[in-house]
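# Fold the following, please.
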Amino acid sequence: MVRIALASLIFLSATIVGGVGHVYAQYANAPKVITVKPTGVYAEIDTKKTFEAVAGLRAADVQSVTNRIKDIEANAPTYQPPVFLVLAQVLFAQGKVESAAYWYHVGWLRARYDANRCAQMTAKQAVQTMISQTSREFVLRVFGDAALIARVLPKVVKWDEEAPYSYDHRWINLHGSESAMSGVIPISGAPPVLSLPESDWPAIAKKTREDFVRDVENLARNVQSLQPVAK
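Now for the predicted structure:
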């Protein structure tokens with residue numbers, strides 16, 4: 001019996017690149033990797049730029065990383081949300097905490113929006129899977145700083161309202177069981193519906209932002225309540 005762990009299909013670890021997915025499975029407790037290539041409409045989803053950006057951010061050459069950071073920041077509307085989460089990791093490691101917090105929240109907000117306009121329930125869990133990779137150090141430092149959250153959060157929401165979504169929002173569909181299975185059993189008949197009607201998107205975006213602000217503020221309060229009180 002094969003149990004497919006869909007939660008392992010994470011962009012942050014580049015497990016889906018250029019339309020090719022690696023589905024993690026277990027056979028008698030021995031971890032193995034099955035490589036599948038999504039077919040049909042899933043094969044049309046463009047993630048090439050995301051893969052290249054993540055690879056660039058993880059390059060050994062410092063100047064290459066610097067150049068990649070500049071490009072992402074200058075052309076942010078064209079990048080898929082997972083890129084910003086990796087960018088945040090890099091900036092945090094460089095000691096640029098406020099910039100890291102900003103791009104982290106940009107990535108998180110846009111990922112939530114893409115999940116909310118996604119029509120496939122099994123793909124929506126990708127956001128929680130990615131966010132769960134956030135280090136404890138990052139969470140305590142960023143969400144434990146009330147002033148930092150107060151500065152960053154309004155800027156993130158304002159940017160999201162004004163910046164276009166110039167990327168393939170269907171990246172999240174590659175995290176669903178339907179995409180994985182399309183590489184095993186080719187799609188026949190009518191193509192699957194990947195997203196909710198576009199006419200619903202403005203309302204979805206508005207509610208996503210409202211829920212996001214509430215959830216971030218709640219998380220920050222919870223983290224801050226765990227911080228030791230200075231004597």
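# Now do R110 against Q133, distance only.
According to CB to CB, to the nearest Å, R110 and Q133 sit 17 Å apart. Placement of C-beta: from N, CA and C, glycine included.
# can you check A101 too?
Distance from A101 to Q133, counting by CB to CB: 16 Å.
# Looking at the two, which is more packed in?
Set A101 next to Q133 and count neighbours by other CB atoms under 10 Å: A101 wins out with 24 against 13.
# List the residues that contact that one.
Contact analysis of A101 by CB atoms under 8 Å, 6 or more residues apart in numbering lists 88, 142, 148-149, 152.
# repeat that with 7 Å
A101 sits next to 142, 148, 152 when contact means CB atoms under 7 Å, 6 or more residues apart in numbering.
# Most neighbours among the residues you listed, please name it.
V142 (24 neighbours).
# gap between the host helix or strand of that one and the chain center?
If you go by DSSP states H and E, V142 is part of helix 136-143. Relative to the centre of its chain, helix 136-143 is centred 18 Å away, using CA atoms, centre = their mean, to the nearest Å.
# Same question for stretch 165-179.
With CA atoms, centre = their mean, you get 10 Å for stretch 165-179.
# Next, the buried residues of that stretch.
For stretch 165-179, a neighbour-count test (16 or more other CB atoms under 10 Å) marks 165, 167-176, 178-179 as buried.
# Could you do stretch 125-143 as well?
Neighbour-count burial for stretch 125-143, counted by 16+ other CB under 10 Å, picks out 125-127, 129-131, 134, 138, 141-143.
# mind showing which ranges of the protein have poor pLDDT?
Along the chain, segments meeting pLDDT under 70 span 1-36, 177-190, 228-231.
# For the most centrally placed residue in the chain, pull up the helix or strand it's in.
By CA atoms, centre = their mean, the chain has its centre lying nearest to P82, at 3.4 Å. P82 is part of helix 81-93 when elements are defined by DSSP H and E.
# and that helix, how far from the chain's centre?
On CA atoms, centre = their mean, the centre of helix 81-93 falls 10 Å from the chain's centre.
# can you state the direction angle for the helix or strand containing D114 and helix 136-143?
According to DSSP H and E, D114 maps onto helix 97-116. Interaxial angle of helix 97-116 relative to helix 136-143 (axes from the mean of the first three to the mean of the last three CA atoms, to 10 degrees): 100 degrees.
# got the angle between helix 97-116 and helix 81-93?
Inter-element angle recorded for helix 97-116 and helix 81-93: 160 degrees (by the same axes, to 10 degrees).
# Could you list the buried residues of helix 97-116?
Going by neighbour count (16+ other CB under 10 Å), the buried part of helix 97-116 is 97, 99-116.
# Please apply the same query to stretch 39-47.
For stretch 39-47, by 16+ other CB under 10 Å, it's 39-42, 45, 47.
# And stretch 52-65, by the same measure?
53-54, 56-57, 65.
# Quick check: closest non-adjacent residue to H169.
Leaving aside its sequence neighbours, H169 sits nearest to D114 (CB to CB, 6 or more residues apart in numbering; 4.8 Å).
# which ones are touching the one you found?
81, 169, 172.
# And it, how far from V213?
Counting by CB to CB, the gap from D114 to V213 is 18 Å.
# Check which helices and strands the longest helix along the chain sits against.
If you go by DSSP state H, the chain has its longest helix at helix 201-226. The helices and strands touching helix 201-226, judged by 3 or more CB pairs under 7 Å, 6 or more residues apart in numbering; DSSP states H and E, are helix 97-116, helix 136-143, helix 146-162.
# Serialize these to CSV and add fields for distance to L196.
Below are the helices and strands packed on helix 201-226 laid out as CSV (distance: least, CB to CB, whole Å):
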stretch, distance to L196
helix 97-116, 8
helix 136-143, 30
helix 146-162, 18
